[in-house]
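A.B. asks: I'll drop the sequence and a predicted model, then ask my questions.
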There are 2 protein chains.
Amino acid sequence: MVLHPFDEAIALHADGPDVFAGHCGAAYWNMVGPFGGVSAATALRAVLQHPALLGEPLALTVNYAAALTQGPFRVLVRAARTNRSTQHWTVELLQTDTAGVTASMLTATVVTAVRRTTWNGSDIAPPPVPPPSSFARSTAPAAVEWFNRYEVRTVAGGIPAIGQELPISEPGGQASLTQLWMRDDPLRDLDHCSLAALADVFYPRIFLRRGQRVPVGTVSMTVYFHVGRAVLCGCGSGFVLGQARAQVYGDGFFDQTAQLWSESGLALATSSQIVYFKD
Amino acid sequence: MVLHPFDEAIALHADGPDVFAGHCGAAYWNMVGPFGGVSAATALRAVLQHPALLGEPLALTVNYAAALTQGPFRVLVRAARTNRSTQHWTVELLQTDTAGVTASMLTATVVTAVRRTTWNGSDIAPPPVPPPSSFARSTAPAAVEWFNRYEVRTVAGGIPAIGQELPISEPGGQASLTQLWMRDDPLRDLDHCSLAALADVFYPRIFLRRGQRVPVGTVSMTVYFHVGRAVLCGCGSGFVLGQARAQVYGDGFFDQTAQLWSESGLALATSSQIVYFKD
């Protein structure tokens, strides 16, 4: 059986108690390392594959310490605490270089929880945008292989052309807003791992805000999952509507908030991240 | 010398390599454990007190695994990776119960970074609200001792009276918005630890959204720091303007986003958290 490239990228096999082994390949390669969304999904995958798992993903924070190289890596996963309905995990991804030195490439924490039916509601309505078929598919920037693994249809706030100077609108406005329809290519049914990766699909907000491209790298990303497996299963391989904007830029870093909805308008996940930039 | 109650609450002394000892007291007591903001500040404090520290706080994620009891605790702190200008930390807070069993009460990750001057900007303007003197000081709810350690002046979205049914406005609106002026009481100069705690001062959004009080507990909180020590130092003991709103509620959890500005309108920190609720 041929695995979907996403499943191949996040595949792990047990390599001892609390240890998994994986392999970083080329399918989701970014410019100097793998797409961060896949690394986040791999950290989550390790927890979901652990025999002591309780419940479903609730919160994921991933800190990117260094760019992985293509080749093998190990993931250390530990249940720091198991309560009646929640479980607290720590995750660390390690890689050994050609000199034989093992170093931490990523740290993460995950909270899993048993979901139960309660009152539900939302203070964020999905933006009223036309359906995916109304927009052309966005093409991958040169040398950004991972972007070919997603069908992205840009609704608003597309990546500016190099050298394009954008008018910078007033603070508090839509200066850094991007809205995208997106899904895996080839098609793949949505799950928590692919949803975590989708939260990282947005290109860096500073490109849009400043109308120019500068070196960037995500330092830390947090994803909150608002639905369980059953709801995600019901989404099939449908599009996800994502929206991202920046809040504050300064001292070489900016942050981003993001929201993800199903094609039918269900809030699936909310996310934030902080990103290094050079100017 | 008498320590400020906040400094006493987060005080740690070295207890071996990568280990600190602290004590949980009554000054910031919440209903069934200490105020989560102080626990977050304690995790950050451990990193800042570590002899190997590089740079200043950039990102903090704290996962609340269980309620601390009053008494001694230990904090394990490890620099998982040190780069040229960033450093990745893992933190775990442990407490031993009366039966002699040691358990994890909190896990955290911290990224510290050397700040440098770059282009800066903001896509979030501070809301144009009247100065702190325009608002009365909010009084602590019964049995919430920690709230007495803060001078909070509620601008909008105050805590609803018990049994008060609020109109629930349409999604995407201001249904769960609270705005507060706040500072330590007694006065204390702002630093990254007190700023982390301020990010957790907002009462649970679901109280406001539903117009009723239900059992709640923060599960995970992330804070991004947008300024360094020098800027915080310049804020002295001035008020901080904080704003919080919820995004999504369901399956027993809701999330909150928050922004914190100095009295002069500088964006100091942005934050998110996910909170357990019972209904």
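C.D. replies: Noted; the coordinates are in hand. Numbers count the residues shown, from 1 in each chain, chains lettered A, B, ... in the order given.
A.B. asks: ok, residues contacting the helix or strand of chain A with the lowest mean pLDDT?
C.D. replies: When each helix and strand of chain A is scored by mean pLDDT, DSSP states H and E, helix A:205-210 comes last, with a mean of 91. The contact list for helix A:205-210 (C-beta atoms under 8 Å, 6 or more residues apart in numbering or on different chains) reads A:157, A:159-160, A:166, A:168, A:175-176, A:178, A:213-214, A:216, A:244-246, A:249, A:254, A:256, A:275, A:277, B:119, B:121, B:123. Heads up, the C-betas are built off the backbone N, CA and C, glycines and all.
A.B. asks: PyMOL command for the buried members of those residues?
C.D. replies: Of the contacts of helix A:205-210, the buried ones go into a single PyMOL selection, burial set by 16 or more other C-beta atoms under 10 Å in any protein chain shown:
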select buried, (chain A and resi 157+159+160+175+176+178+213+216+244+245+246+249+254+256+275+277) or (chain B and resi 121+123)
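A.B. asks: So which of the contacts of helix A:205-210 sit within strands?
C.D. replies: A:Thr178, A:Val216, A:Ala244, A:Arg245, A:Ala246, A:Tyr249, A:Phe254, A:Gln256, A:Val275, A:Phe277, B:Gly121 (DSSP state E).
A.B. asks: got the contact list for the fifth one?
C.D. replies: This means A:Ala246. Per C-beta under 8 Å, 6+ apart, neighbours of A:Ala246: A:Ala175, A:Ser176, A:Arg205, A:Ile206, A:Arg209, A:Phe254, A:Asp255, A:Gln256, B:Asp123.
A.B. asks: Tell me how many other residues surround the fourth one.
C.D. replies: If I follow you right, that is A:Ile206. When neighbours are counted by other C-beta atoms under 10 Å in any protein chain shown, A:Ile206 registers 25.
A.B. asks: one step back: dump the ones in strands among the contacts of helix A:205-210 into CSV; add distance to A:Gly71 and pLDDT as well.
C.D. replies: Compiled in CSV, the ones in strands among the contacts of helix A:205-210 are given as follows (distance: C-beta to C-beta, whole Å; pLDDT from 0 to 100):
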residue, distance to A:Gly71, pLDDT
A:Thr178, 33, 96
A:Val216, 24, 96
A:Ala244, 31, 97
A:Arg245, 36, 96
A:Ala246, 34, 96
A:Tyr249, 35, 97
A:Phe254, 31, 98
A:Gln256, 30, 98
A:Val275, 26, 98
A:Phe277, 28, 97
B:Gly121, 39, 93
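A.B. asks: Quick one: the helices in the stretch 51-200 of chain A, in order.
C.D. replies: Using DSSP state H, counting those that start in this stretch, the helices assigned to the stretch 51-200 of chain A run over residues A:192-198.
A.B. asks: who's the closest residue to A:Gly121 other than its chain neighbours bridged to?
C.D. replies: Nearest residue to A:Gly121 in three dimensions, chain neighbours excluded: B:Tyr249, at 4.7 Å (C-beta to C-beta, 6 or more residues apart in numbering or on different chains). With DSSP bridges as the criterion, B:Tyr249 is bridged to A:Gly121, B:Phe254.
A.B. asks: got a list of what B:Tyr249 touches?
C.D. replies: A:Thr118, A:Trp119, A:Asn120, A:Gly121, A:Ser122, B:Ile206, B:Arg209, B:Phe277.
A.B. asks: my read: the third one touches B:Gly252, true?
C.D. replies: The one in question is A:Asn120. No: in this structure, A:Asn120 is not within contact of B:Gly252 by C-beta atoms under 8 Å, at 9.4 Å.
A.B. asks: count of residues packed around A:Leu48?
C.D. replies: The local packing of A:Leu48 (other C-beta under 10 Å) involves 20 other residues.
A.B. asks: my guess is it meets A:Leu54, correct?
C.D. replies: No: using C-beta under 8 Å, A:Leu48 makes no contact with A:Leu54, being 11.2 Å away.
A.B. asks: And the residue of the stretch 151-279 of chain A that's closest to chain B?
C.D. replies: Residue nearest to chain B within the stretch 151-279 of chain A: A:Gly250 (3.4 Å; C-beta to the nearest C-beta).
A.B. asks: I am finished for the moment; much appreciated.
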